[in-house]
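Visitor: Pasting the sequence and the predicted model now:
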Amino acid sequence: MRGGTPKRSSSGTIIVKVNQHTGDFKVQHVTSTIYGGANVTTHRAVLLGTLWGLRKCFTQHWETVHVMGDNQDVLQQQLNRAPPRAKQLKGDYWKTRRLADAVAVQSWTTQLREFNRTANELARMAQSTGRDMDWHAGEMPNAGAKLEGITRFIKDDVKPWFLEKAKSTSSKVVEAKV
């Protein structure tokens, strides 16, 4: 704690189902979470957000999971199976790693921050409201203005990832579809 105030950090997690043949996608789940306490760091918030997303994939039996984020350190640790040095992060790392293996994560992709605006805006929403928020696919149309300003970024966030995956699998993709 600094100055007697607990630290706060946040994460935004979006789960989308992408049709790899057409480029169409559907938002499955969105969450905006705030974390507080003496041991909270940005690194830990990213780990916890990733853990939450993987748990959701596991419980819903969603397959062919690809993880994308703008925190290169966390993604590289998962990709290389190298736990962080900080003792307070190791437990969260191993929980995330075991769950990643359980859902058979296919790829860990670093996304430039400007192409990860949805998650960043969700994290910012958690910080500004001081509350967690959670929407399922069925609730998305009713989320209204709260989410409309944020979800407009999803298409632009998914497009670079999809185009990169399309190049690596040498499938023909119509760019305008994504």
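Guide: Great, that's in hand.

Visitor: mean confidence score for stretch 8-25?
Guide: The average pLDDT for stretch 8-25 rounds to 84.

Visitor: Report the buried residues of that stretch.
Guide: For stretch 8-25, the neighbour count (16 or more other C-beta atoms under 10 Å) marks 9-16, 18, 23, 25 as buried. Bear in mind the C-beta positions are built from the backbone N, C-alpha and C, glycine included.

Visitor: quick one: which of those residues is nearest Gln77?
Guide: Looking at the buried residues of stretch 8-25 and their distance to Gln77, the nearest is Ser11, at 16.0 Å (C-beta to C-beta).

Visitor: Could you save the buried residues of stretch 8-25 as TSV and add columns showing distance to Lys159 and secondary structure?
Guide: As requested, the buried residues of stretch 8-25 are arranged in TSV below (distance: C-beta to C-beta, whole Å; DSSP: H, G, I helix; E, B strand; the rest coil):
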residue	distance to Lys159	secondary structure
Ser9	28	strand
Ser10	25	strand
Ser11	22	strand
Gly12	18	strand
Thr13	19	strand
Ile14	14	strand
Ile15	17	strand
Val16	12	strand
Val18	10	strand
Gly23	8	coil
Phe25	10	strand
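
Visitor: For those, which two are the farthest from each other?
Guide: Ser9 and Gly23 (33.3 Å).

Visitor: What residues sit buried inside stretch 154-169?
Guide: So, applying 16+ other C-beta under 10 Å, buried residues of stretch 154-169: 154, 157-162, 165-166.
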